[in-house]
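**Student:** Attaching a predicted model along with its sequence, questions to come.
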Amino acid sequence: MPRDFTVTGHRGAAALEPENTLPSFIKAVECGATGVEFDVYPTKDGVAVVLHDRELRRLTGVEALVDQLTYAEVSKLKVHGRARIPTLREVLAFAKGRLSVDIEVKLPGVEQEVVEALRELDMVDDALVTSFLPAPLAAVKKLDSSIEVGLLVTGWDDECLYVAERVGASYILPHYEAITPALVRKLTSRGFRVIAWTVNEAETARWLLDVGVDGVITDNPCLIRGVVEARKRG
């Protein structure tokens, strides 16, 4: 097992606290996560906020799109009535010195602010910017070639490999069900690091360790961290 195998908390510790909120990121630290994954959208007035859904109803009960509200309006909402929606800079400030960050761009238009925030908080070396969309990844690399980017994929097709190479990705992040030992060998032989999402079962995590992925993203970093530590002890 690589010594730098990563356990990244999905939306913080989404199985344990309201997703993509500061309590969720605090819980990820308590679990021993090496990093946190979170999603970024722009508000109507261009503030990058941390939120998974563009449509706010599931998380806040409000019938609106996040990019059609101002930050002042978004800041009054609470996820499941328990915790407010943080800004990108708030999450980065919390993570600095504690966690690496995997920033998923959900909607084009926020790339400039992501790059500026990473620079301002001196977190370029601790960040990975990911997306299912090639355009935001290419935009981030154009703005700052030193920022690492990763292509998210659900199923696997070799076209994904060519897309990742075209946008300058150093990571490919498949859903764990798409991963095979042969795929891991293919991607690592081409110089990519492989991160599996979203891994919530101990047995699945153990199998992924065996096939050689570089890390996993999980809703329950407490559980998966325990699996990793047990494997280290042999």
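**Tutor:** Great, that's in hand.
**Student:** got the buried residues for stretch 93-112?
**Tutor:** Going by neighbour count (16 or more other C-beta atoms under 10 Å), the buried part of stretch 93-112 is 94-95, 98-107, 110-111. To be clear about C-beta, it is placed using only N, CA and C from the backbone, and glycine gets the same treatment.
**Student:** what's the most distant pair in those residues?
**Tutor:** Maximum pairwise distance among the buried residues of stretch 93-112 (C-beta to C-beta): 27.0 Å, between Arg98 and Leu107.
**Student:** right, and the helix or strand after the lengthiest strand in the chain?
**Tutor:** Criterion DSSP state E: the longest strand present in the chain is strand 35-42. Downstream of strand 35-42, the first helix or strand assigned by DSSP states H and E is strand 48-50.
**Student:** packing partners for that following strand?
**Tutor:** strand 35-42, helix 88-95, helix 111-120 (3 or more C-beta pairs under 8 Å, 6 or more residues apart in numbering; DSSP states H and E).
**Student:** can these go into CSV with extra columns for mean pLDDT and distance to Leu151?
**Tutor:** Below are these laid out as CSV (pLDDT from 0 to 100; distance: least, C-beta to C-beta, whole Å):
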stretch, mean pLDDT, distance to Leu151
strand 35-42, 97, 14
helix 88-95, 98, 21
helix 111-120, 97, 15
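**Student:** I'd like a version of the ones you listed in a markdown table, one that adds distance to Ile172 as further columns.
**Tutor:** Output for those, formatted as a markdown table (distance: least, C-beta to C-beta, whole Å):
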| stretch | distance to Ile172 |
| --- | --- |
| strand 35-42 | 15 |
| helix 88-95 | 23 |
| helix 111-120 | 20 |
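**Student:** Tell me which of those sits most buried.
**Tutor:** Mean neighbour count (mean count of other C-beta atoms under 10 Å) peaks for strand 35-42 among the helices and strands packed on strand 48-50, with a mean of 25.
**Student:** From start to finish, how long is stretch 104-124 in a straight line?
**Tutor:** Distance between the two ends of stretch 104-124: 15 Å, counting by C-alpha to C-alpha, to the nearest Å.
**Student:** Return the distance of that stretch from the chain's centre.
**Tutor:** Computed by C-alpha atoms, centre = their mean, to the nearest Å, the chain-centroid distance of stretch 104-124 equals 13 Å.
**Student:** One more: stretch 117-127?
**Tutor:** In terms of C-alpha atoms, centre = their mean, the centre of stretch 117-127 is found 15 Å from the chain centre.
**Student:** which residues touch that stretch?
**Tutor:** Here stretch 117-127 makes contact (C-beta atoms under 8 Å, 6 or more residues apart in numbering) with 48, 88-89, 92-93, 95-96, 99-103, 144, 146-148.
**Student:** For Ile179, state which of those is nearest.
**Tutor:** Asp102 (17.4 Å).
**Student:** can I assume that closest one sits in a strand?
**Tutor:** Yes. Judged by DSSP: H, G, I helix; E, B strand; the rest coil, Asp102 forms part of a strand.
**Student:** wait, it sits on Thr130?
**Tutor:** Yes. Assessed by C-beta atoms under 8 Å, Asp102 is found in contact with Thr130 at 5.8 Å.
**Student:** what's the overlap in contacts for these two?
**Tutor:** Counting by C-beta under 8 Å, 6+ apart, the shared contacts of Asp102 and Thr130 are Glu37, Gly150.
**Student:** ok, how many other residues are close to Leu152?
**Tutor:** Counted with other C-beta atoms under 10 Å, residues neighbouring Leu152 total 22.
**Student:** name the element it belongs to?
**Tutor:** Per DSSP H and E: strand 148-153 holds Leu152.
**Student:** Over to Trp207?
**Tutor:** In this structure, Trp207 sits in helix 202-211 according to DSSP H and E.
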